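Trainee: let me see the structure of the following:
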Amino acid sequence: MPAAAAALRDQHLVFFNGAFSPPTCAHAHIAATICKDPKVTALWLDPEPARPGKERWQNETMEARIEMCELLTEESPLCGRAGVGSLRRDLGPELGTSVELFRVLRALLGGPGRGTLTWAVGADVFEGMKHWASKARACLQPGDTCDELLLFTREGWTHERLAEATQAVGHAPCHVSVIPMPEHLLSVSSHQARAALVRESSFPEYPGELGMIPPRVAEPLGWTALAKLRRHPICWTGGASKEVVPVFGLLGGSALQVFMMPGVLGELRTIKRQNLERSSLPPVIREEWLGALQDAPLIADTPAMSVAQAIAATRGRLSDVASVAAWAREMPAAAAALRDQHLVFFNGAFSPPTCAHAHIAETICKDPKGPALWLDPEPAKPGKERFQNETMEAELS
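Mentor: Numbering: from 1, shown residues only. Purely as a prediction, here's the structure:
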């Protein structure tokens, strides 16, 4: 494709990757800000491929996410300057997350030293580079990989955190710029947009929450793609049996929202086990996923659960390390909610919880590192068995 190759050669290209599930007004603002920069001649949007733990729904929605990103590129100032690729997916799970990604982009610009390559990332992603600092430095080598790094801020981001993240990554010779986000967009996320989709489909009395999704994406063609994000079956595990029910709008929804959806409880009670997977899968994905569902012991797309709900779900269930595995199998959503958290364990009599306890808990939860807090009332102790056993449930409440 010589014409395509010629169109990219020697460009000032900004590579902006993300889940875009769905694209939000925050994504649209970032893309528009980039395209308004007179130095930038091209913007490449690249929806994230499947990742461990999300393979199923991210593979299912990849084409829909590409379609929605293309809708964004039809708007000014993106039109004619922005395009949508799938390079990370095309390179595969290893090369797509390696320095090779940027060397391929550099080759498209004409080779080492040709054009300008900028990587646009969220400040939270930059902060996370401390966990893979060596690879990050390799990705930020002017002329070879990236010439510039473009950071856009997120809620809670400060100059102190930026300095700390820069120190953690270490010396990288590329230029770093920061896009300050408007206050009303700081906290907007795809997760919130999916939750709004859940509420829109199940609770029409909540108007206006979809304002975080760009109007172009929410037009009829966009709604077709958005609907694909909502059309996912889940596995309901009852003992050793497996029941699959269709839940539209699952992504981003809480367990309560899922089970309040019309027909979900009724279908759980009445669905027949014979031909279960075939009868309950949405037609649009039935054939593609039937075999995988029949073979899978458990599907990871379970109703979302908060950390607070997950901690409460452990009560009376954990007796030793071995019991954690059994609990996780029975309650995969709770296990997923706790996995990889920064967890603070705070135990005490709490008999009753005092203002001092409340102050400590509040101070912990205000930590910008965002720890999860586990409060654990003390069990009975010698000499106090009767009193502490009697008040345990009251303390939990």
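Trainee: switch to C-alpha atoms for all contacts and neighbour counts from now on
Mentor: Fine.
Trainee: G85 against W44, yeah?
Mentor: Yes - judged on Cα atoms under 8 Å, G85 makes contact with W44 at a distance of 6.6 Å.
Trainee: please identify which of those two sits among more neighbours.
Mentor: Neighbour count, other Cα atoms under 10 Å: between G85 and W44, W44 has more, with 22 against 17.
Trainee: nearest residue to the more buried one other than its sequence neighbours?
Mentor: Nearest non-adjacent residue to W44, counting by Cα to Cα, 6 or more residues apart in numbering: F15, 4.9 Å away.
Trainee: what about stretch 339-349, start to end distance?
Mentor: For stretch 339-349, the first-to-last residue distance is 27 Å (Cα to Cα, to the nearest Å).
Trainee: in it, what's buried?
Mentor: By neighbour count on 16 or more other Cα atoms under 10 Å, the buried set for stretch 339-349 is empty.
Trainee: same question, stretch 17-28
Mentor: 17-18, 20-28.
Trainee: show me the two of these that sit farthest apart.
Mentor: N17 and C25 (15.4 Å; Cα to Cα).
Trainee: so where's the protein uncertain?
Mentor: Applying pLDDT under 70 to the chain flags residues 52-57, 155-156, 158, 165, 168-173, 186-304, 351, 370, 380-397.
Trainee: can you do 50?
Mentor: 202-209, 220-221, 231-303, 395 (pLDDT under 50).
Trainee: now the residue nearest to W44: how far from L375?
Mentor: Taking Cα to Cα as the measure, F15 and L375 are separated by 43 Å.
Trainee: give me the more crowded residue out of those two.
Mentor: Remark: of F15 and L375, F15 carries more neighbours, 22 against 18, as counted by other Cα under 10 Å.
Trainee: that one falls within a helix, correct?
Mentor: No - going by DSSP: H, G, I helix; E, B strand; the rest coil, the assignment for F15 is strand, not a helix.
Trainee: next, the contact list for it, please.
Mentor: The contact partners of F15, by Cα atoms under 8 Å, 6 or more residues apart in numbering, come to 43-46, 117-120.
Trainee: what about those residues, which are in strands?
Mentor: Counted as lying in strands by DSSP state E, out of these, are 43-46, 117-120.
Trainee: now, which of those sits nearest D90?
Mentor: Ranked by distance to D90 (Cα to Cα), the ones in strands among the contacts of F15 are led by D46 at 10.7 Å.
Trainee: ok, and for the host helix or strand of S134, which residues are buried?
Mentor: S134 is part of helix 133-139 when elements are defined by DSSP states H and E. Buried residues in helix 133-139, counted by 16+ other Cα under 10 Å: 133, 136-139.
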